[in-house]
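*Asks:* Below: sequence and its predicted model.
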Amino acid sequence: MKIALIAHDKKKDEIIELAKKYKDVLANHELFATGTTGTLIMGETSLPIKRMKSGPLGGDQQIGAMLANGELDLVIFLRDPLTAQPHEPDVSALLRLCDVQQIPLATNSSSATIILETLKSGKLF
């Protein structure tokens, strides 16, 4: 399975903790991430991750292109709903593409945990 990992700045610690907790699960999949998020997760887990640009510099659009081309199976995007994002149109487009392509999308730690626990159990896909 091809999984994208993305997190807004105030959610970076949360996605790192998720990646650490589910390292064994994520290790069985091909991982992609926006720049800073990918670097931080790799530093904490040693998981191999294909990094895109930083979100505001086009990384969200790169992930979106992968979605549009059917190249991703799951997106975990921990969003910060309380902080305005300068690249909000890119974020909205990425979320819309997940809906259009019927790609599972977790936008908070609780939904990401449910999906990762399901992957761990082997009952998803």
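*Replies:* Arrived safely, thanks for sending.
*Asks:* Which residue, other than its chain neighbours, is closest to residue 42?
*Replies:* Among residues not flanking residue 42 along the chain, residue 49 sits closest, at 5.3 Å (Cβ to Cβ, 6 or more residues apart in numbering). Glycine gets a C-beta too; all of them are placed from N, C-alpha and C.
*Asks:* cool, and residue 116?
*Replies:* Leaving aside its sequence neighbours, residue 116 sits nearest to residue 22 (Cβ to Cβ, 6+ apart; 4.5 Å).
*Asks:* do residue 25 as well
*Replies:* By the measure of Cβ to Cβ, 6+ apart, the closest residue to residue 25 outside its immediate chain neighbours is residue 120, 4.8 Å from it.
*Asks:* so is the one you found in a helix, a strand, or just coil?
*Replies:* Three states are possible here, and by DSSP: H, G, I helix; E, B strand; the rest coil the one that applies to residue 120 is helix.
*Asks:* where's it relative to residue 8, distance?
*Replies:* Separation of residue 120 from residue 8 (Cβ to Cβ, to the nearest Å): 25 Å.
*Asks:* Residue 76 now?
*Replies:* When distance is defined by Cβ to Cβ, residue 76 is 12 Å away from residue 8.
*Asks:* For this protein, which segments are assigned as helices?
*Replies:* 12-21, 23-26, 35-45, 59-68, 88-101, 109-121 (DSSP state H).
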